[in-house]
Structure formats: C-alpha cells, structure tokens
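Novice: Any chance you could fold what I've pasted below:
(2 chains)
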2 protein chains.
Amino acid sequence: MNLHRTPIAATDAVQAVMKHRKKGRKENVPLSECFGRILGEDLIATHPVPPFHKSPYDGFAFRSQDTKELSRDQPGHFIVNETVPAGHRAEHSIEKGQAVRIMTGAEIPDGADCVAMFEICQTYEEGNRSYVTLKRPLQPNQNIIEKGSETKEKEVLVESGAYINPGVQALLATFGYAEPLVFTKPKIGVFATGTELLDVEEELQPGKIRNSNAFMILSQIERSGGNGVYLGKLDDDFETCYQAVSNALDHVDALLTTGGVSVGDYDLMPDIYQKLEADVLFNKVAMRPGSVTTVAKVEDKLLFGLSGNPSACYVGFELFAFPIIQSFVGRNQMYHQRITATLGKDFKKPNPFTRFVRGFISYERGNVYVYPTGMDKSAVVSSLAKTNVLIMLRGGTRGYEKGDAVEAIMLDDQQRQVEF
Amino acid sequence: MNLHRTPIAATDAVQAVMKHRKKGRKENVPLSECFGRILGEDLIATHPVPPFHKSPYDGFAFRSQDTKELSRDQPGHFIVNETVPAGHRAEHSIEKGQAVRIMTGAEIPDGADCVAMFEICQTYEEGNRSYVTLKRPLQPNQNIIEKGSETKEKEVLVESGAYINPGVQALLATFGYAEPLVFTKPKIGVFATGTELLDVEEELQPGKIRNSNAFMILSQIERSGGNGVYLGKLDDDFETCYQAVSNALDHVDALLTTGGVSVGDYDLMPDIYQKLEADVLFNKVAMRPGSVTTVAKVEDKLLFGLSGNPSACYVGFELFAFPIIQSFVGRNQMYHQRITATLGKDFKKPNPFTRFVRGFISYERGNVYVYPTGMDKSAVVSSLAKTNVLIMLRGGTRGYEKGDAVEAIMLDDQQRQVEF
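Specialist: This next block holds a predicted model:
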C-alpha cells in the first residue's frame, strides 16, 4: 500500500492522456444507418445544385423578350406547348409566342428564361388549344433557380470529422453517398470491480450495493459515440482481476475499470498495473471528485482506472475517457464544449483543488445560467440524473456566489472544441 | 386544383395537431438498452441510500467515547479486531478499546460510531496482535455516512416521462430495475413522393434529383426518439399513391409524406386526402418556409403532408411531427426548448409571415447568440448541415439587426418545454 502519490493538475492530466490518443478506423456504412456517426471523408458536391436551371414555382415558363411590353391593358396571349412535371424534360424548346406549363422543381425548357407563378396567369382553351394570358413583363432569369447557384460541383460541403445530423444526411443522399465512409465506433471495455457489488437483478444483501457504475458508464460511452462492451464485475481478488484485465486488453480499443484505485487494502488496481508493466501516466489528480483517478498504458492500449464512487467515476470518464473516444471517432474537435455561464445559486464550499460540480443549464433572457444539481457529496448518485453540465471551479478559490461567472462543460450536446 | 386555401397561424396549426395527440404504449426493456429511452414509470428508491451506515474512507472505526481524551501527548492504543472490506460485514461488534479496520463503502460495525482515515492513524504489531494508535478525539457520527442520508426509501427520484441519461441509468441499476418500463418508440412511416426522385445509389438523370428528404426525415425521427420506417418513394400517379398511403396507415402510428402538397398539377396529396375521407386540419400555414404543409387525420391516424422542398420539409417536421412523437414517447414536456437569444448577424429580409430561419447557437461570455446558417432560400439544402436551432422571426416584422433579441427553437438537445 503506497499512500504517497503526487497529484497533477486536471488540465495536465488531460494532456498526459491525450498524448497517447489514436485516430480510429473507418468503415463504409449504409446511409440509413449513418445518423449520429462521424463522417470519415469530405462530403463533396458530385454535381452542381441545382443540376439544371429549375423552376421555384408551379407556373408558366416564357421568353422574357416576349413579355417586355405587357401590362394590364395590353396582356399577352401565349400558346401552351406542353406541361413539364418535376422529373421530366420539355420535349420542345419554346419559340416566340409560346409558353410551357411547368411544375415546381422542373427543368426550365430550352428557349425559356423566366417563370410566372400560376397566381398571376389566366388560362383558357380555344380551338382545342391551351392558352395562357400574362399581364406584366418579366425580366431575364426572373424566377429561375440557376444551375449551380446553390452549390458548385466539387465544393467541399462538410469536412471529414463532422457529426452526421439530419442536414448532413440530406446532403449525403443528394450527392449519391449510398454507403458513406464513417469512423468505426471504438470498442471500449468496462469492468466493475468490488466484492460489494451485486448484479442489478439480485436482492439487496447486508453490506452490499448493486453495480450502478457499469450501466452509467456504458451510457456515457454511448453518448460519446463509442461502443461500450460490458465485461462483467470482478471480486477483489488479485489473480482473477489480473487475468481478466490482462485478457480483455487484447480485445478492446481501451479499457475502463471502476473501483480499486484508492489506497485501501482491497484496492488492487495499482498492483495490477505493476504486474502488467503498465506505464502509469498519473494516479492522483488535484481535483474533486475523482482524485484517485488513474490512467495507465499497456503496450498501445489505454487503461482508465476510474473511482468506484459514482460521481467521481462520472467525472473521471468525462474528463479523460471522453476525449479519447472523440479521437477514435475522428472528431477534430475532441473536447466538450466549455462555456462561460452565470452561477444561478450560491456554492459556498472553498475549492482547495479544481472542483467539478454536477449541474444543469438554464437559458434566461439571452443569458446562460448553470445551477448545481444538489449537495456535492461525492457519494450522492441521485443528482447525476439532472446533470447536463459540469461546473468547473478553479482550485485555490473560495466559495462562489450566485451571479459569479463560471466555466461549464456541456455534456449533452454535439458541439465540441479543439482545446481542453 | 384549388388555389384558395385559408392560412392559419403557425401556433394555431401546432395546437390543431396536438389536439389529436396520443400517449404511447409501454414495454419492459433490459436496462442495458434503456439509454436514450423515456421512462414509463416513476423511479422509486426501493431501499434507503446508503442501505446501511457506511464509511466514506479507508480507515479505522472506533467508539467515539473511547477517543474523548486523546491528544498528541496522550495517544490511544486500540486492538484491531478484524478488517471489513467493502461488501462484507464485521463479525463482531466492537467493545471498549477496540477498533476495526474498514474500507471505503463498507458497513460500520455494531458498536462503532466514528471513522478515522488511514492518514491520521499509526499501526503496529505486538504479540501477534494488530494495534492502531490515534492521537485525537473523534465526534459521534464523524466520518459516517448515515443510512438513508442520501435517499429515503420510497422517495420518487425520477418521474415517468423523463429522458434516461447516464445518471438515470445509474439510479435504475442502484434500485434493481433490471427491465424498466419505458415508452415504446412509435412507428412513423415515411413516403417520399415525386417522379423526379432518384434513389441515392442511382446515377443522376436529366431533370431528376436524388431523394434526400427521406433520409433527412428518418434522422429527424430518430433524433426525436421515434422509430422511422422508410416505405419507399412514389411516382406522381394517383392510384399508386392512394393505394400506398391507404395501406400504410394500418401499419404505422403516424405517416409522413414529402412532396405533392402544393397546387401543382401533379400535387396529388389533396385529392388523396379527399378520397381517404381525411379530416384536413389545415393545408396552409402563415409561415416561411413550409406554407403548404398539410396535416390530416384518417380515422385515428395523423397524416403529415410535408413539403417536397428540403428546408420546408425540415421545418414542417420539427414544428408539427416532433411534438406528436414526444407525446407518443410519453414526455410531459412535448415541445422543443425555446430560448431567447441575441441575433449575431443582420437578417434584413422583412417577414410578412412567421419565418423559421435555420441557424446555429453560440455561447459568448455568458450570453447566447444565434446565427443564420446561410442564405435563407428555402431550396438551399446545404445550410441544414450546420443547423441546430430554428430562429423564429414573428410575422409582420421588418428585418432584424445584429444585437436584436430573438427566439430560437433548440433542435439538438434533450431539454423540452410544456407549451409551444
């Protein structure tokens, strides 16, 4: 048992972990399954948009030169050549005195250079032919969406590393990306350690608690875009734990454990790191909660030793494992968005070390407020349910008051930033 | 072809749709699959937390009355009875002059009423027995987390209708919810109509474009918690469309179509509503884009006729289909969170009708800004890629300037509100 650990600053700890980040693999995935994934290639316009001059309205296409002199008193009468539905082409180009009935989105016929909406045209039949009357002049290109006016061919519309939202999905479909290249979700293994842990379906027993950390972390992994794999819970037995951890490392991109990182008699992780000949990046962080969070590297795999305490575990994940997962999924911006917000409620506790307070965000008259979700006892699990930000209170500060400006780490959105 | 439609205000249109909302079905789902679902039952503490008096530290448990007189000059020496790891119970209660070595999270032994951390204790062995030295007094209950101090038994911790985030997952596990009751995802059918539509894997052809709306909407459905089912694309042929729509209604909770709702010759949806004897709630909304958005009801099913124009389709979905999906998934707060933000950039166009401008959110020094994502031509698909808010500009207003307060509808987060 070694009680003497040298704490490092939270920011330094994040940098230490991120030095060992790896970019993920890529795979082609059917477009219908791409929502929420990260793009692994630039999305390039494979054709101009629109791909042809098109009509923004249901109406009639004319030659503008035929309409120059028209007015209410001097209407023009045009023969309607044909009708062009969207998805079809006119069979003939239009000549002097002719018009074409055209639907929204349809291609402008050759010869035409303007469109009038139905609402300003009158139609009539005479001698088995259709006519349209127009009572005003139209300018060249009036009501024409020009080929390429929205997007030029070969333009990069979305860069590799972007989150695929509904709008990106629409663009992928538009440009024929039937199976886009996306980043593979990294496989993140999770062990919960501790003889006190019961499975969720077990009856409560004296001295024991149910394993809640594993379910929490698996959700955090999913929220961050990874593929969490639950590898089970482990009793505090050295050989069992060592074998399990050692074997698991071969089958995952990174491994998370909860519990066993402190200085108790049954905290086995430090000895396991030693036997694995792991390079321990740090085993003490100057922060609350989660000061015993440990990150080690075994060959090329990162091993995150998170605290067994739920809140410390939660914070440790978001600070250290989250950006590593962002790197695996190819995001250029790998950190949670961090914003300045106004503290909505006093938080009087002094902060000898950097403190990450569970909180939620609130928007009020153009300002952003954050509120602590409850008492910040690190053992209190229930306040995590309301948490969507971590309020970051710098070490070496006294209590904060309602109205103070604070930094907040956003947990529930898809925006990211480049620096921690 | 009926050109005369009576527009209703966007807010009234939302209310008209929501009158016909239905609450969804519920199902039990394994806890490991519950992240992101909506809770269908109250989450109740099935036992107090902690379930027993427990130690927050690795250390020694004492009887406080034995420590009253202790000081640096007058240390106390205690026999260490036994060691209690987390997950175990002490075998004996402690008596005068005795202590128990105890690990973080372990149950306090009978007789003990305080804990000292390892760091302030010295241990030694003598005559085959273990001893611990303490040099200060401890108070009754010092360093003891009392049974029920975090949560009382039967307390409602999270209400039915809540989004299941990582914190809620942790609570469900803690209290033994191995298969929580959650709301079933509603099945939302999607047809894209229009002869001009090509499948995403097809080569571009004259006058045609690829079907992008279906993929966009399916992602919007997924983002809102529904289960989107793509039913295919339909040519502008009345019988085909009528049969397809009519058959589909039996197999979905709601049906969305894109295209065919305007007044063009090939806009078949109005006639299809008629033949279905649908109750058309509205077929014109005083808004841009998406004024032709139509919502109808056939027996007990809602049929959303969204525009074929990508941006209008996007907006129509978020305004009208989104809250219906929130109702199906059991959320009490069924609308997107709407915030007041500062416009970051001029938007000079006048707004004869309520306008929903695609935009993105930005946090700057405690304030929230929104920026339009680009030109607001309703045909421009590419700006949807950056969109995470809809900036709502009231009808009857002139252009807005940078710095003006505007309302913004948040699209990418999990917060909701009760009223539209």
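
Novice: what ranges of chain A fall below the confidence cut-off?
Specialist: Within chain A, the stretches with pLDDT under 70 are A:1-3, A:375-382.

Novice: Write out the residues of the stretch 251-400 of chain A neighbouring chain B.
Specialist: Residues of the stretch 251-400 of chain A lying near chain B by Cβ under 8 Å from any Cβ of the partner chain: A:262-267, A:308-310, A:314, A:337, A:339-342, A:361, A:363-368, A:377, A:379-388. Backbone N, C-alpha and C define where each C-beta goes, glycine included.

Novice: Can you flag which of the residues you listed belong to helices?
Specialist: Among those, DSSP state H puts A:310, A:314 in helices.

Novice: Turn the buried ones among the residues of the stretch 251-400 of chain A next to chain B into a named PyMOL selection, would you?
Specialist: Selecting only the buried entries of these in PyMOL, with 16 or more other Cβ atoms under 10 Å in any protein chain shown as the criterion:
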select buried, chain A and resi 262+263+264+266+267+308+309+310+314+337+339+341+342+361+363+367+368+379+380+381+382+383+384+385+386+387+388
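
Novice: where do the helices sit along chain A?
Specialist: Secondary structure of chain A, counting by DSSP H: helices at A:10-18, A:166-174, A:213-223, A:238-249, A:269-275, A:310-316, A:322-328.

Novice: can I see the domain layout of chain A?
Specialist: Listed by automatic domain parsing, the domain ranges of chain A are A:10-25+A:184-331, A:29-47+A:154-182, A:59-134, A:336-417.

Novice: Including distance to residue B:7, could these go into JSON lines?
Specialist: What follows is those, written out as JSON lines (distance: least, Cβ to Cβ, whole Å):
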{"stretch": "domain A:10-25+A:184-331", "distance to residue B:7": "41"}
{"stretch": "domain A:29-47+A:154-182", "distance to residue B:7": "26"}
{"stretch": "domain A:59-134", "distance to residue B:7": "14"}
{"stretch": "domain A:336-417", "distance to residue B:7": "31"}
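
Novice: Of all those domains, which one comes closest to residue B:66?
Specialist: For residue B:66, the closest of the domains of chain A is domain A:10-25+A:184-331, at 22.9 Å, according to Cβ to Cβ.

Novice: quick one: terminal-to-terminal distance for that closest one?
Specialist: End-to-end distance of domain A:10-25+A:184-331: 22 Å, with Cα to Cα, to the nearest Å as the criterion.

Novice: Repeat that for stretch A:117-129.
Specialist: Separation of the first and last residues of stretch A:117-129 by Cα to Cα is 21 Å.

Novice: got the buried residues for it?
Specialist: Going through stretch A:117-129 with 16+ other Cβ under 10 Å, the ones that come out buried are A:118, A:121.

Novice: Need the residues that contact it.
Specialist: The set of residues external to stretch A:117-129 that reach it, using Cβ atoms under 8 Å, 6 or more residues apart in numbering or on different chains, is A:57-60, A:79-80, A:130-136, A:143, B:3, B:263.

Novice: repeat for stretch A:357-375
Specialist: Outside of stretch A:357-375, the residues that reach it under the criterion Cβ under 8 Å, 6+ apart are A:311, A:314, A:339-345, A:347, A:376, A:380, A:382-384, A:386-393, A:406, A:408, A:410, B:337, B:339-342, B:363, B:366-368, B:405, B:415.

Novice: so of these, which ones are in strands?
Specialist: Within the contacts of stretch A:357-375, residues falling in strands by DSSP state E are A:339-343, A:389-393, A:406, A:408, A:410, B:339-342, B:363, B:367-368, B:405.

Novice: Compute the distance between the residue in chain A sticking out farthest from the centre and chain B, please.
Specialist: For chain A, the largest distance from the centre (Cα atoms, centre = their mean) belongs to residue A:127, which lies 62.3 Å off. Per Cβ to the nearest Cβ, to the nearest Å, residue A:127 is found 22 Å from chain B.

Novice: show me what contacts the nearest residue to residue A:130 once chain neighbours are set aside?
Specialist: Here the nearest residue to residue A:130 in space, its sequence neighbours aside, is residue A:80; by Cβ to Cβ, 6 or more residues apart in numbering or on different chains that works out to 4.0 Å. Residues in contact with residue A:80, defined by Cβ under 8 Å, 6+ apart, are A:60, A:98-101, A:123, A:129-132.

Novice: Equivalent analysis for residue A:339, please.
Specialist: Residue A:339 is in contact with A:368, A:407-408, A:410, B:363, counting by Cβ under 8 Å, 6+ apart.

Novice: How about residue A:90?
Specialist: Neighbouring residues of residue A:90 by Cβ under 8 Å, 6+ apart: A:81-82, A:84, A:100, A:107, A:109-110.

Novice: Narrow those residues to just the buried residues.
Specialist: Buried by 16+ other Cβ under 10 Å: A:81-82, A:84, A:100, A:107, A:109, out of those.

Novice: out of these, which are inside strands?
Specialist: Secondary structure assignment by DSSP E places A:81-82, A:84, A:100 of the buried ones among the contacts of residue A:90 in strands.

Novice: Just the closest of these to residue A:176, please.
Specialist: Residue A:176 lies nearest to residue A:84 out of these, by Cβ to Cβ, at 24.0 Å.

Novice: Wait, the closest one touches residue A:109, no?
Specialist: Yes - Residue A:84 is within contact range of residue A:109, at 6.4 Å (criterion: Cβ atoms under 8 Å).

Novice: so what sits against both of these two?
Specialist: For the pair residue A:84 and residue A:109, residues contacting each of them under the criterion Cβ under 8 Å, 6+ apart are A:61, A:90, A:100, A:102.

Novice: Now render those residues as a markdown table, adding distance to residue B:44.
Specialist: As requested, the shared contacts of residue A:84 and residue A:109 are exported to a markdown table (distance: Cβ to Cβ, whole Å):
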| residue | distance to residue B:44 |
| --- | --- |
| A:61 | 67 |
| A:90 | 68 |
| A:100 | 68 |
| A:102 | 63 |
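
Novice: What segments of the stretch 51-200 of chain A are strands?
Specialist: Taking DSSP state E, counting those that start in this stretch as the criterion, the stretch 51-200 of chain A carries its strands at A:59-62, A:76-84, A:98-102, A:114-117, A:122-126, A:129-134, A:156-158, A:181-183, A:187-193, A:197-198.

Novice: Can you give me the neighbour number for residue A:253?
Specialist: 22 (other Cβ atoms under 10 Å in any protein chain shown).

Novice: Pull the contacting residues for it.
Specialist: When contacts are counted by Cβ under 8 Å, 6+ apart, residue A:253 touches A:22, A:24, A:186-188, A:301, A:328.

Novice: Need those residues in JSON lines (columns: distance to residue A:34 and neighbour count).
Specialist: Formatted as JSON lines, these follow (distance: Cβ to Cβ, whole Å; neighbours: other Cβ atoms under 10 Å in any protein chain shown):
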{"residue": "A:22", "distance to residue A:34": "23", "neighbour count": "14"}
{"residue": "A:24", "distance to residue A:34": "15", "neighbour count": "23"}
{"residue": "A:186", "distance to residue A:34": "17", "neighbour count": "22"}
{"residue": "A:187", "distance to residue A:34": "19", "neighbour count": "16"}
{"residue": "A:188", "distance to residue A:34": "21", "neighbour count": "27"}
{"residue": "A:301", "distance to residue A:34": "28", "neighbour count": "19"}
{"residue": "A:328", "distance to residue A:34": "17", "neighbour count": "27"}
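
Novice: Closest one to chain B out of the residues you listed, please.
Specialist: residue A:188 (13.8 Å; Cβ to the nearest Cβ).

Novice: That closest one touches residue A:256, doesn't it?
Specialist: Yes - with contact taken as Cβ under 8 Å, residue A:188 and residue A:256 are classed as touching, separated by 6.3 Å.
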